[in-house]
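Asks: next come a sequence and a model predicted from it.
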Amino acid sequence: MNKQSPVSQDYNQPQSGNEMPRFGGHATLFRLPIQDTAADLDVALLGIPLDGGTSNRSGARFGPRQIRSESVLVRPYSMAVGAAPFDSFQIADIGDIAINPYNLLKAVDEIEAFIDKVLACGAKPVSMGGDHTVTLPILRAVAKKYGPVAVVHIDAHSDINDTQFGEKIAHGTVFRRAIEEGLIEASKMVQIGLRATGYTADDFDWSRQQGVRVVTAEECWYKSLTPLMAEVRETIGTDIPVYLTFDIDGLDPSVAPGTGTPEPAGLSSSQALEIIRGCFGLNLVGCDLVEVSPPYDPSGNTALLAANLIFEMLCSLPGCKRR
Ligand code: MN
Ligand code: MN
């Protein structure tokens with residue numbers, strides 16, 4: 001189905017806007033074919049419609065569906081970097097994880113089991129949230145396969161609370177748990193975009209104490225993040241597996257209003273591209289884009305931006321062909 005590219009006859013290709021109008025057809029991610037499992041894929045695109053871990057506005061459960069819908073406008077080539085992910089990898093949309101919406105802890109286990117299977121197929125998971133809770137079970141599965149990973153984390157929040165409302169598992173505790181569980185090589189983790197109000201003045205310090213590099217939003221204001229990413233690549237190196245997790249609230253609410261815990265004065269969309277493009281050269285083994293909440297995104301712009309950022313992640317995977 002849809003194998004129409006003059007460049008590659010071997011890989012799944014997005015359905016062209018000249019074959020079926022962009023507003024028609026099946027709303028799969030990037031108009032790619034659907035597959036039930038990750039078998040024979042290099043990259044498995046999947047949704048995790050979970051928002052039971054949110055602390056404020058809900059709605060991220062609708063994220064995967066809306067990102068798929070807006071992704072119809074994403075075309076197969078990155079004009080800026082010349083990347084051609086659909087000529088480089090076999091990619092399909094393998095649908096959503098059937099999480100239990102009534103039991104967060106069960107849902108977390110279901111996500112881990114699902115990602116285990118994706119990884120067992122040899123595919124890289126590129127996931128759409130869902131709230132940020134989903135990243136903990138993904139990292140559990142990824143670390144089982146690869147050992148502790150380096151992490152590039154974009155977010156307004158550090159997500160290192162010990163508990164939220166007394167609970168150990170929530171969208172604001174993910175990286176505390178992941179570091180405690182040894183899933184992350186903390187000296188090779190960077191958090192970018194942290195900002196806004198906290199509960200105490202040292203809210204971001206637990207990360208720093210673990211060896212994580214914290215880059216606040218203020219440190220990013222008014223400048224290109226390309227030099228920062230050169231430093232990040234230098235720190236992480238090319239050997240260690242790297243996981244990229246992108247909380248859409250790292251961006252400014254003017255460009256990404258559709259999210260549950262928006263914070264003013266965040267990153268720009270061009271800085272987001274610089275960060276993701278700056279991951280090319282790292283040994284990326286998986287990525288996610290989380291916290292898109294369509295009920296707060298009446299224009300669809302947040303989901304459209306999210307779809308484009310996920311496309312950029314594909315362009316930054318190791319082995320992606322460039323012109
Ligand atoms: Mn987060
Ligand atoms: Mn956040």
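Replies: Perfect, thanks for sending it. Ligands and ions are numbered 1, 2, ... in the order given.
Asks: show me where the stretch 1-150 of the chain has strands.
Replies: Along the stretch 1-150 of the chain, counting by DSSP state E, counting those that start in this stretch, strands occupy 43-48, 91-96, 124-129, 149-154.
Asks: mean confidence for the first one?
Replies: Taken as a whole, strand 43-48 has a mean pLDDT of 98.
Asks: and it, how far out from the chain middle?
Replies: Centroid displacement of strand 43-48 relative to its chain, using CA atoms, centre = their mean, to the nearest Å, is 10 Å.
Asks: go on, stretch 203-219?
Replies: Counting by CA atoms, centre = their mean, stretch 203-219 is centred 20 Å from the centre of its parent chain.
Asks: near ligand 2 at all, that stretch?
Replies: No. Judged by CB under 5 Å from the ion, stretch 203-219 stays clear of ligand 2, getting no closer than 11.5 Å. Any C-beta I mention is one placed from the backbone N, CA and C, and that applies to glycine too.
Asks: residues in contact with that stretch?
Replies: 156, 158, 160, 175-176, 179, 186-187, 189-195, 198, 228, 232, 235, 265-267 (CB atoms under 8 Å, 6 or more residues apart in numbering).
Asks: which of the three states applies to Cys287?
Replies: With DSSP: H, G, I helix; E, B strand; the rest coil as the basis, Cys287 sits in strand.
Asks: follow-up on the earlier one: mind giving me a markdown table with the strands of the stretch 1-150 of the chain and columns for mean neighbour count?
Replies: Formatted as a markdown table, the strands of the stretch 1-150 of the chain follow (neighbours: other CB atoms under 10 Å):
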| stretch | mean neighbour count |
| --- | --- |
| strand 43-48 | 26 |
| strand 91-96 | 24 |
| strand 124-129 | 27 |
| strand 149-154 | 26 |
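Asks: relative to ligand 1, which of the ones you listed is closest?
Replies: The closest of the strands of the stretch 1-150 of the chain to ligand 1 is strand 149-154. By CB to the ion, the value is 7.9 Å.
Asks: average pLDDT across that closest one?
Replies: Taken as a whole, strand 149-154 has an average pLDDT of 98.
Asks: please identify the buried residues of the very next helix or strand once past it?
Replies: Under the assignment DSSP states H and E, the closest C-terminal helix or strand after strand 149-154 is helix 174-180. For helix 174-180, the neighbour count (16 or more other CB atoms under 10 Å) marks 174-179 as buried.
Asks: got a list of what the residue nearest to Ile99 when sequence neighbours are not counted touches?
Replies: Computed as CB to CB, 6 or more residues apart in numbering, the closest residue to Ile99 that is not its neighbour in sequence is Ala107, at 4.0 Å. By CB under 8 Å, 6+ apart, the residues touching Ala107 are 50, 52, 99-101.
Asks: could you redo the last one with a cut-off of 6 Å?
Replies: For Ala107, the contact set (CB atoms under 6 Å, 6 or more residues apart in numbering) comprises 50, 99-100.
Asks: can you tell me which residues in the protein are near ligand 2?
Replies: So far as CB under 5 Å from the ion goes, the chain lies against ligand 2 at 155-157, 247, 249.
Asks: how about a cut-off of 8 Å?
Replies: By the rule CB under 8 Å from the ion, the part of the chain lying against ligand 2 is 132, 155-157, 159, 171-172, 247, 249-250, 259, 261, 263, 291.
Asks: considering those, which is situated nearest to Cys220?
Replies: Lowest distance from Cys220 to these (CB to CB) belongs to Gly250, with 9.6 Å.
Asks: coming back round to it: gap between the residue nearest to Ile99 and ligand 2?
Replies: Relative to ligand 2, Ala107 is positioned 19 Å away (CB to the ion, to the nearest Å).
Asks: try Asp203
Replies: Distance from Asp203 to ligand 2, by CB to the ion: 13 Å.
Asks: Arg233 too?
Replies: Distance from Arg233 to ligand 2, by CB to the ion: 24 Å.
Asks: try Val149
Replies: Distance of Val149 to ligand 2, given as CB to the ion: 20 Å.
Asks: ditto for Val118
Replies: Going from Val118 to ligand 2 by CB to the ion gives 24 Å.
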